[in-house]
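Asks: Sequence plus the predicted model coming up.
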Amino acid sequence: MDAAREDPARFGALYRKYLAQVYNFAVYELGDHHEAEDATERTFLAALAGLTGFEERARPEDGPEASTFRIWLFQIARNVVAERRRGRRRRPEAPLDLATTAPDPADLEAMVVRREAAAAAWRAVDRLTGDRRQAVVLRFVHEMTTAEIAAVLGRSEGAVRVLIHRGLRRVAGELGALDRDRR
């Protein structure tokens with residue numbers, strides 16, 4: 001971290017370490033790979049520009065790998081994603097890749113069942129409120145700790161645990177209802 005702050009060319013190591021995490025967060029939040037690529041790029045540009053103002057808050061007793069950089073980076077990503085969403089609401093677009101998607105006929109039935117189950121789960125997650133959805137995604141997709149999620153969302157750890165618990169309970173309830181309706 002200090003090396004990157006002193007020499008921005010060394011920022012590459014931080015970029016490589018967190019690129020996939022930030023990109024995956026953006027994909028889950030925006031639902032579009034192209035939008036996610038742009039949001040990821042904007043996140044790292046903003047982080048690089050603000051690196052001199054970043055203040056490490058991890059304590060020595062937290063261990064040599066502890067850092068609050070990841071939290072700070074995800075806070076930037078969250079803001080960038082929110083800005084992209086606001087822009088989308090102002091100028092809605094239809095994604096071009098939907099027109100070219102065709103199913104693989106080799107195992108169509110199994111693929112449909114898998115996609116349907118996964119789509120139902122993600123639709124249920126998408127119906128969660130903003131912070132509840134983000135808490136679930138950060139916990140189970142990005143494997144963040146409760147403390148890290150609390151810092152990203154600006155909430156207490158207890159509030160994050162409640163968000164995750166209620167989010168999972170809601171998703172499970174929707175999936176259970178859907179399963180009962182199919183029978």
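Replies: Structure received. Quick caveat, the model's predicted, so the values are computed rather than measured.
Asks: Distance-wise, check the spatially most central residue of the chain relative to residue 135.
Replies: Centroid check for the chain by C-alpha atoms, centre = their mean gives residue 25 as the closest residue, at 2.2 Å. Distance of residue 25 to residue 135, given as C-beta to C-beta, to the nearest Å: 12 Å. (Glycine included, C-beta is placed from N, CA and C.)
Asks: Over to the residue nearest to the centre of the chain. Which of the three states is it?
Replies: helix (DSSP: H, G, I helix; E, B strand; the rest coil).
Asks: Need the nearest residue in space to it, chain neighbours excluded.
Replies: The shortest distance from residue 25 to any non-neighbouring residue, by C-beta to C-beta, 6 or more residues apart in numbering, is to residue 77 (5.6 Å).
Asks: Quick check on the one you found: phi, psi?
Replies: The phi/psi pair for residue 77 (degrees, to the nearest 10) reads phi -60, psi -40.
Asks: need the helices for this structure, in chain order.
Replies: All helices of the chain, identified by DSSP state H, fall at 2-6, 11-30, 33-50, 69-90, 108-126, 130-140, 146-153, 157-182.
Asks: ok so, going back, residues contacting the residue nearest to residue 25?
Replies: Neighbouring residues of residue 77 by C-beta atoms under 8 Å, 6 or more residues apart in numbering: 22, 25, 26, 39, 40, 43.
Asks: what residues are up against the fourth one?
Replies: Under the criterion of C-beta under 8 Å, 6+ apart, the neighbours of residue 39 are 26, 30, 77, 80, 81, 84.
Asks: In TSV: these, plus distance to residue 149 and pLDDT.
Replies: As requested, the contacts of residue 39 are exported to TSV (distance: C-beta to C-beta, whole Å; pLDDT from 0 to 100):
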residue	distance to residue 149	pLDDT
26	16	93
30	19	89
77	13	94
80	18	94
81	15	93
84	21	87
